[in-house]
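> below is the structure, and that's it, no one-letter string:
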């Protein structure tokens, strides 16, 4: 039986959110799901995982136009050692995890 916990929290920056997720990972909690609450907070669902201490989280914000673009986006990060574990399409937010701690890059758009 897996131990689980759900935490609700609001952040003003992705960096603060990443830092918080990484601190929880160091305590043995692995993020397994994320959902956007109202304007006030987000809901994070964790399982106990001792291997989480080796995990690193990063958050990306991106507009994706269609399924093909989304699949390409996931594959690009997968090839560099990052797995998409949670997303909120309406908020354009994607949370990735890596056990390898590789460099994370953000794709920027030119207007």
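The structure has been received and is ready for your questions. Fair warning: this is a prediction, and the values are worked out from it, not measured in the lab.
> report pLDDT for the spatially most central residue of the chain.
What sits nearest the mean C-alpha location of the chain, by CA atoms, centre = their mean, is residue 95, with 1.8 Å. If you check residue 95, the pLDDT there is 91.
> wait, it sits on residue 59?
Yes: at 5.4 Å, residue 95 counts as touching residue 59 under the criterion of CB atoms under 8 Å. Where you see a C-beta, it was placed from the backbone N, CA and C, and this is true even at glycine.
> which of the helices or strands spans the residue nearest to the centre of the chain?
Taking DSSP states H and E as the definition, one finds residue 95 inside strand 93-98.
> do you have the helices of this protein handy? List them.
With DSSP state H, the ranges of helices along the chain come out as 14-26, 67-79.
> contacts for the first one?
Surrounding helix 14-26, the residues in contact under the criterion CB atoms under 8 Å, 6 or more residues apart in numbering are 9, 11, 31, 44, 46, 52-53, 55-59, 61, 93, 95.
> could you report the neighbour count for the nearest residue to residue 4 once chain neighbours are set aside?
What sits nearest to residue 4 in space, not counting adjacent residues and going by CB to CB, 6 or more residues apart in numbering, is residue 47, at 5.4 Å. Per other CB atoms under 10 Å, the neighbour tally for residue 47 reads 15.
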